[in-house]
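In: Could you work out the structure for the sequence below:
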Amino acid sequence: MTTVPLSILDLAHIGKGETAADSFRASVQMAQRAEEWGYRRIWYAEHHNMPTIASSATSVLIAHVAAHTERIRLGAGGVMLPNHAPLLIAEQFGTLESLHPGRIDLGLGRAPGSDQKTARALRRDPGSADSFPQDVLELQGYLTGQSRIAGIDATPGKGTDVPLFILGSSLFGAQLAAALGLPYSFASHFAPGALHDAVTLYRRDFQPSAQQQEPYVIAGVNVIAAETSDEADDLYQAAKRTRVRQLVGRGRTFTPDEEELLLASPAGQQAEQMMHYTGVGTADEVGDYLDRFAKDAQADELILVSSAPGREAWLRSFELVARAAGLATA
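Out: Numbering: from 1, shown residues only. Model prediction:
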């Protein structure tokens, strides 16, 4: 039984032959089931110009899923704040919190959520990431009703106290989260390298704040669970092939022999490294892995990502994990 709360990062994947509308229906179904299974929260990430990811308008997707669920927390994991004016994000998430009180989270990152060409299309200033700490403070001021700009308030937003989380995959995010006294979510599900150093730094330097009195770490981890170990391993191998195709394929199709060569290539090794923290196997095997990972990562909560191919296998992974973890209603 896993000893920390479990949550889900839904990448709003658009599968082969699917539309964005199909992805949204799947996200609603996932959230409804996750609510039944006992997961704590579901987050959606801001990505742009990616034909297989439908969560670009993150706050709109959160609103849609929230309207079709009752209890589970929903939020951004995260909003790429340098792409936006802090006032606009305060208004959006203030609206969400006003409509669904006590259920909304706001995770913040500083990456573009895209490539540099797309960043230009977003009208993102090349130096905007440098002002990320100041933008977080400005946003926090709007949400707490303590605006840092005289005469400017977020309506809705003012006084909603939507909880903020700093997202990161390097030491920068850890330092900022510690200095501001905010929870820290590390993207170890795709950038595992700095996990231990970042968490150690965050816990060492954490300064209590009005929002958070003690350090709180959420660590990302991949899961692929199935009825048998062999079935789970087959799904994992298929997921690795998909990851490699995304890294180097650029829309191309490959023969099985070419895919095997890709897996052995530098791109294949990169894909393998990105999925370093992955629990694969039966429900009990993945549950045991998550328990070990939580201790190793010094995590207070885990946020799970499943790249199991196909909607049925994707849902089943989370259901099996919930059962093995002994979640409240699983």
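In: Is Ala294 within a helix or a strand, and which one?
Out: helix 283-296 (DSSP states H and E).
In: What helices and strands are in contact with that helix?
Out: strand 217-225, helix 229-248, strand 278-281, strand 301-305, helix 311-325 (3 or more C-beta pairs under 8 Å, 6 or more residues apart in numbering; DSSP states H and E). Using the backbone N, CA and C atoms, a C-beta is placed for each residue, glycine as well.
In: Tell me which of these sits most buried.
Out: Greatest average neighbour count among these goes to strand 217-225 (a mean of 27), per mean count of other C-beta atoms under 10 Å.
In: which helices and strands sit right next to that strand?
Out: Secondary-structure packing of strand 217-225 (3+ C-beta pairs under 8 Å, 6+ apart): strand 184-186, helix 195-205, helix 229-248, strand 278-281, helix 283-296, strand 301-305, helix 311-325.
In: So for the helix holding Ala294, mean pLDDT?
Out: Helix 283-296 shows a mean pLDDT of 96.
In: What residues sit buried inside that helix?
Out: Under the neighbour-count criterion of 16 or more other C-beta atoms under 10 Å, helix 283-296 has 283, 285-291, 293-294 buried.
In: Reformat those residues as a markdown table; add distance to Gln92.
Out: Listed next are the buried residues of helix 283-296 as a markdown table, based on distance: C-beta to C-beta, whole Å:
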| residue | distance to Gln92 |
| --- | --- |
| Ala283 | 37 |
| Glu285 | 40 |
| Val286 | 35 |
| Gly287 | 36 |
| Asp288 | 40 |
| Tyr289 | 36 |
| Leu290 | 32 |
| Asp291 | 36 |
| Phe293 | 33 |
| Ala294 | 32 |
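In: follow-up on the earlier one: do you know which of the helices and strands packed on strand 217-225 lies nearest Ile14?
Out: Closest to Ile14 of the helices and strands packed on strand 217-225, according to C-beta to C-beta: helix 311-325, at 11.5 Å.
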